[in-house]
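In: task: produce atomic coordinates for the following.
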Amino acid sequence: MKSSLLDLLFYVLDKISLVASFKLFSMSEESEGESHYQDISYFERGDLLEVPRTLFVHYGIYLGNNKVAHLMPDILPVLTDDKCLTGRVVTNKRLILGVLAKVASIRVDTVQDFAYGGAIIVNHMDSSFSTKPLCNEEVAQRAEQLIGATPYSLLWDNCEHFVTYCRYGYPVSFQTDKFCETVKRIIRDQRSVFLSAALGLVLILCLGLEPSTTIPSLLITFTLWIAS
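Out: Numbering: from 1, shown residues only. Here you go, the predicted structure:
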């Protein structure tokens, strides 16, 4: 029974990984003249690197010598102390389980492993801040001091918070701010209340007046109505 549950878990993770391999859209808006690089000769120690990925953008700090410090959700360090295992590139399964368990590590990987096949954008966030970035050496030193295990939160403590703290002195995530604004707009839109009520009614008609369907449907609709 336990084996079948594990097989089911990994089957679901495989399907999620398959979906995650497609770059459906990115939350960073590319500007005209934006430069994408793969040649590390363009990078300087302390540069902020970003790679557009599925749904979000991944960030890191270049340390020199083809090395990047970046924050990655990862379940494996919780399960084992084997450096050979944890030092390998973080797979989608490890990443997804790390997100769910809210555990991560600030780790050092090669530029190639960090990019994971994507094109790298350099210091694109400088234009988003009114203050100048810290000097490159201080940026790199900040990143090196933080290497190791760290808590993880998709909204409050992610890879973008890490790099903005290192380069600009305080943690910010424009991606999650944009996500939260989108969620707030959905909640404020009264059409979401009626959509929630309609979906709840469909579930009740299909499954009957079961507490497992009726109570959540009523609670969600009521919460959206109060918040709108």
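
In: burial count for Asp74?
Out: 23 (other C-beta atoms under 10 Å). Where C-beta positions appear, they are placed from N, C-alpha and C, glycine not excepted.

In: my read: it touches Leu85, true?
Out: No: the pair Asp74 / Leu85 is not scored as a contact, 10.8 Å apart, by C-beta atoms under 8 Å.

In: surely Ala104 and Pro73 touch.
Out: Yes: using C-beta under 8 Å, Ala104 is in contact with Pro73, at 4.6 Å.

In: more neighbours: these two, which one.
Out: Just comparing Ala104 and Pro73: by other C-beta under 10 Å the higher neighbour count belongs to Ala104, 26 against 23.

In: and the more buried one, helix, strand or coil?
Out: strand (DSSP: H, G, I helix; E, B strand; the rest coil).

In: do the one 3 residues further on as well
Out: For Arg107, the reduced secondary structure class is strand; criterion used: three-state DSSP.

In: quick one, domains of this structure?
Out: Structural domains annotated on the chain: 2-173, 189-227, as defined by automatic domain parsing.

In: lowest mean pLDDT across the ones you listed, which one is that?
Out: Mean pLDDT across the domains of the chain is lowest at domain 189-227; the value there is a mean of 66.

In: overlap in contacts, Ala104 and Pro73.
Out: Common neighbours of Ala104 and Pro73 (criterion: C-beta atoms under 8 Å, 6 or more residues apart in numbering): Gly98, Tyr152.

In: how many neighbours does Val90 have?
Out: Neighbours of Val90 (other C-beta under 10 Å): 21.

In: now it, what's its secondary structure?
Out: With three-state DSSP as the criterion, Val90 reads coil.

In: please name the residues that touch it.
Out: Counting by C-beta under 8 Å, 6+ apart, Val90 touches Met72, Pro73, Asp74, Leu76, Gly98, Arg107.

In: among the residues you listed, which are in strands?
Out: Among the contacts of Val90, DSSP state E puts Met72, Pro73, Arg107 in strands.

In: the nearest residue in space to Val89 that is not next to it in sequence and Tyr42: what is the separation?
Out: Of all residues not flanking Val89 in the chain, Asp113 sits nearest, at 4.9 Å (C-beta to C-beta, 6 or more residues apart in numbering). With distances taken as C-beta to C-beta, to the nearest Å, Asp113 is found 18 Å from Tyr42.

In: more neighbours: which of the two?
Out: Neighbour totals were compared for Asp113 and Tyr42, and Asp113 leads with 17 against 12 (other C-beta under 10 Å).

In: so which bits of the host helix or strand of that one are buried?
Out: Assessed by DSSP states H and E, Asp113 sits inside helix 111-115. The neighbour-count criterion (16 or more other C-beta atoms under 10 Å) identifies Val111, Asp113, Phe114, Ala115 as the buried residues of helix 111-115.
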